[in-house]
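Asks: Following is a predicted model, sequence given first.
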Amino acid sequence: MGKTKFENKVIWITGASSGIGKALAIALSHYNCKLILSSRRAAELQLVKQQCLHPENVKVLTLDLAHYSEMESVVDRALTFFNRIDILVNNGGISQRSPIIETSIEVDKKLMEIDYLGTVALSKALLPHFIKNKSGYYVVVSSLMGKFSSHYRSSYCGAKHALHGFFDALRLEHSKDHIKVTMICPGFVNTNIARNALTGDGSEQGYQDDMTENGLDVNTFVKKMIKAMRKEKFEAYIGQFEKFGVYVKRLSPRLIHKLVMRSKVK
């Protein structure tokens, strides 16, 4: 499948103001599709829009995933732009870096509200539209941490694991409606995710770690992500050596435990 996979489609991307979402929006703008870009930051979204190939085919819609009770009205607004939505890329979210013993339950709650409940609420609000059209495609940016866990990411791992449980069920229930789901599982990608990650008291970490700094270039990642979307894969593991952790976990949960324990992940 080539560019025709996305031609004339309406694609809605959350978390589109930076990182993976920004790079994905710019890449997809070359595919003769229409885009809706969302995040909390309107000014940054406008800058991304201007970097797209055909900005006249791009609409900006601010949303805060933490306000998950508002998602039905957000979907209503989104549908006014092009009268339909074909693909929802659930990319918005935050990460966390802190030992469990030092992590406030409020941080766990915030990660679940944004990374899980916000994503689920938005997807559920759009679901009747997909059912009505007998067509729809959810692309969910999870993480390799949704398949196995690592140090100092307990809240993040919990939220990402939860996403897999929900969207596997959605895929099962709505295959009859021709609704598809792809779970994108990044490893280390060189974005600001570590800088913006919450620490145990809820403040931002504010600095990059070596593993993230040396991760995949974001544009390289997006090319692989688009390839997975073309193929409508159930799951795609995109990273460097760390992606093999998924297969090791299947083979031996004890072995992946030992390997992660020996790693220098911070």
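Replies: On my side now, so go ahead.

Asks: Longest strand of this protein, counting residues only.
Replies: For the chain, the strand that runs over the most residues, judged by DSSP state E, is strand 179-186.

Asks: now it: how far from the chain's centre is it?
Replies: Centre-to-centre, strand 179-186 and its host chain are 9 Å apart (C-alpha atoms, centre = their mean, to the nearest Å).

Asks: partners of it in the sheet?
Replies: Partners of strand 179-186 in the sheet, by DSSP bridges, are strand 136-141 (parallel), strand 235-238 (parallel).

Asks: Now the element after the last one, going C-ward?
Replies: What it means is strand 235-238. Sequence order places helix 245-251 as the next helix or strand after strand 235-238, per DSSP states H and E.

Asks: right, and Gln240 touches Val189 too?
Replies: No. Gln240 lies out of contact with Val189 (C-beta atoms under 8 Å); the separation is 9.9 Å. Yep, even glycine has a C-beta here, placed from its N, CA and C like the rest.

Asks: if you count what's nearby, which of these two comes out ahead?
Replies: Neighbours per residue, other C-beta atoms under 10 Å: of Gln240 and Val189, the larger number sits with Val189, 22 against 13.

Asks: what is Pro186 paired to in the beta sheet?
Replies: According to DSSP bridges, beta-bridge pairing links Pro186 with Ile238.

Asks: mind listing what Gln46 touches?
Replies: Going by C-beta atoms under 8 Å, 6 or more residues apart in numbering, Gln46 touches Val60.

Asks: Please identify the buried residues of stretch 121-135?
Replies: Ala121, Leu122, Ser123, Ala125, Leu126, Leu127, His129, Phe130 (16 or more other C-beta atoms under 10 Å).

Asks: meant to ask about stretch 150-162
Replies: By neighbour count with 16+ other C-beta under 10 Å, stretch 150-162 contains the buried residues 150-162.

Asks: again, but for stretch 4-12
Replies: Quick answer for stretch 4-12 (16+ other C-beta under 10 Å): Phe6, Lys9, Val10, Ile11, Trp12.

Asks: Helices - which of the buried residues of stretch 121-135 land there?
Replies: Ala121, Leu122, Ser123, Ala125, Leu126, Leu127, His129, Phe130 (DSSP state H).

Asks: from those, which is closest to Ala23?
Replies: Taking C-beta to C-beta as the measure, Ala23 sits nearest to Leu122 out of those, at 20.8 Å.

Asks: So for the closest residue to that closest one other than its chain neighbours, what pLDDT did the model give?
Replies: Closest residue to Leu122 apart from its sequence neighbours, by C-beta to C-beta, 6 or more residues apart in numbering: Met71 at 4.6 Å. We have a pLDDT of 98 for Met71.

Asks: What is the neighbour count of Met71?
Replies: 21.

Asks: contact partners of the strand or helix carrying it?
Replies: Using DSSP H and E, Met71 sits in helix 71-82. The contact list for helix 71-82 (C-beta under 8 Å, 6+ apart) reads 10, 12, 34, 36, 38, 59, 61, 63, 85, 118, 121-122, 124-126, 129.

Asks: ranges for the helices of the chain?
Replies: Under DSSP H, the chain gives helices at 19-28, 42-51, 71-82, 105-111, 119-133, 154-174, 210-213, 218-231, 245-251, 253-262.

Asks: Give me the helices and strands touching the shortest one, please.
Replies: Other helices and strands packing on helix 210-213, by 3 or more C-beta pairs under 8 Å, 6 or more residues apart in numbering; DSSP states H and E, are absent; none qualifies.

Asks: Sort out which residues of that helix are buried, please.
Replies: Those buried within helix 210-213 under the rule 16+ other C-beta under 10 Å are Met211, Thr212.

Asks: Val248 contacts His257, doesn't it?
Replies: No. Taking contacts as C-beta under 8 Å, Val248 lies outside contact range of His257: 9.7 Å.
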